[in-house]
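K.L.:
mind folding the following:
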Amino acid sequence: MNSEHKPGREITYQVGWKKGKIRLDQADRPAAVEETPVSEPEPAGSRLLERYIWRPLPTVTGRTLTVIVCVLPAVSFIVTLLLVSALTRG
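P.N.:
Model (predicted):
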């Protein structure tokens, strides 16, 4: 067998935004070395969306949800009757 010294092998990988290197030492065991991810500047519209559109909504209480579920069929029926009467007149 060949007994000369081989330098360690280095493998570079990228998974999504995460980059890293795997170095194989003489015993062929991987030794992982992670690099810091490179951050890209965020567009100005992204902050606006996060601040005003994608914010968490307040939760609805059980009593309010019960009232909505009970009233919604009646409101839907009344709106349907109004639309049908508007179509028959028109």
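K.L.:
any idea which helix is longest in the protein?
P.N.:
Assignment by DSSP state H gives helix 62-89 as the longest helix of the chain.
K.L.:
so how far is that one from its chain's centroid?
P.N.:
Chain-centre distance of helix 62-89: 35 Å, with CA atoms, centre = their mean, to the nearest Å.
K.L.:
likewise for stretch 56-74?
P.N.:
Distance, centroid of stretch 56-74 to centroid of chain: 27 Å (CA atoms, centre = their mean).
K.L.:
pLDDT of that stretch, averaged?
P.N.:
Mean pLDDT, stretch 56-74: 91.
K.L.:
got the domain ranges for this structure?
P.N.:
8-37, 59-90 (automatic domain parsing).
K.L.:
okay, now the unreliable bits of the protein?
P.N.:
Across the chain, the ranges flagged by pLDDT under 70 are 1-8, 25-39.
K.L.:
mind redoing it with 80?
P.N.:
1-9, 24-55, 57, 90 (pLDDT under 80).
K.L.:
can you tell me which residue is spatially central in it?
P.N.:
residue 54 (11.3 Å; CA atoms, centre = their mean).
K.L.:
what are the phi and psi values for it?
P.N.:
With angles defined as degrees, to the nearest 10, residue 54 sits at phi -100, psi 40.
K.L.:
ok, now how distant is it from residue 43?
P.N.:
Per CB to CB, to the nearest Å, residue 54 is found 14 Å from residue 43. For every residue, glycine as well, the C-beta is placed using N, CA and C.
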